[in-house]
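1. show me the folded form of this:
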Amino acid sequence: MSVVQIGTSRLTVVPVIRGLLSEGDKVREAVMGATPQAIAVSISKEELAGLKNMDEDLEYDMSEVETLYSDVLSGFGEVTLPPPCFSVALEMSEELDVPVLPIDMNEELYSATYCTLVGTVDLIRESLSLKRLRKKLMRCTTPDEFVITWDSLINRSKGFSLLAAEREEHMAGVLKRLSRKYSEVVAVIELERTKGVLSHLKGNSSENG
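-> The predicted structure is shown next:
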């Protein structure tokens, strides 16, 4: 967890692992410790709307890649949907009566950026076999190592790497704007995007962590 001072605003950045049940407790503790005026989450407005309206009894049909992610991550603890890191952030916002705000690209912007940056060669390189992916991922000994390794494999091509960097810059920009409105913000950000977001925030801020 890192605390960044942006002007007169205090931003608490909580790195989380999507899907891991225990991450819900991490978010709850961070929010209660900071008593924020707003909670930011590293998902799009469409994802947040889906989270708010999600039917807990609805069965989610995962892709092969998502199934692989869940299978390997479950070796480090229970994995559930919706991701506890974000569902708990939503619960805490309701409990404390503060807004929960999406900071990732909306679907329209993401699609436009994807089409600009990701080419045919990137898509071909993305087709690394699931068996080979699993072999590399099974070498990981901690959940943190797993998600960082997963991200490096999924975004190993130039196009996908640039897309991830654009998302990080976008999220940092939204957080800077939020810091002008709220004096205390907790930002729940996927671990693999946290380092990039923080690097964009450092230009005009101080950090403790």
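
2. flag every buried residue along the biggest helix by length in the chain.
-> In the chain, with assignment by DSSP state H, the single longest helix is helix 158-179. By neighbour count on 16 or more other CB atoms under 10 Å, the buried set for helix 158-179 is 159-168, 170-172, 174-176, 178-179. All C-beta atoms are positioned from the backbone trio N, CA, C, and that covers glycine.

3. helix or strand next in line after that helix, which one?
-> Downstream of helix 158-179, the next assigned helix or strand under DSSP states H and E is strand 184-190.

4. list the pairing partners of that following strand within its sheet, with orientation.
-> Within its sheet, strand 184-190 is paired with strand 9-16 (parallel), strand 38-41 (parallel), according to DSSP bridges.

5. make a markdown table out of these and add mean pLDDT and mean neighbour count.
-> Shown next, in a markdown table, are the strands paired with strand 184-190 (pLDDT from 0 to 100; neighbours: other CB atoms under 10 Å):
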| stretch | mean pLDDT | mean neighbour count |
| --- | --- | --- |
| strand 9-16 | 97 | 23 |
| strand 38-41 | 98 | 26 |
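
6. compare those and give me the one nearest E91.
-> Ranking those by proximity to E91 (CB to CB) places strand 38-41 first, at 10.2 Å.

7. before we move on, back to that, what about the longest helix of the chain, distance to the chain center?
-> Averaged C-alpha coordinates place helix 158-179 at 11 Å from its chain's average position (CA atoms, centre = their mean, to the nearest Å).

8. got the angle between it and strand 184-190?
-> 170 degrees (axes from the mean of the first three to the mean of the last three CA atoms, to 10 degrees).

9. which helices and strands does helix 158-179 pack with?
-> strand 2-6, strand 9-16, strand 38-41, helix 107-117, helix 120-126, strand 184-190, helix 191-201 (3 or more CB pairs under 8 Å, 6 or more residues apart in numbering; DSSP states H and E).

10. now with 7 Å?
-> Helices and strands touching helix 158-179, by 3 or more CB pairs under 7 Å, 6 or more residues apart in numbering; DSSP states H and E, are strand 9-16, strand 38-41, helix 107-117, helix 120-126, strand 184-190, helix 191-201.

11. those: lowest mean pLDDT?
-> Note on these: helix 120-126 shows the lowest mean pLDDT, a mean of 54.

12. can you tell me which helices and strands the helix or strand just after it packs against?
-> Next along the chain after helix 120-126, taking DSSP H and E as the criterion, comes helix 130-137. Secondary-structure packing of helix 130-137 (3+ CB pairs under 7 Å, 6+ apart): helix 64-73, helix 143-154.
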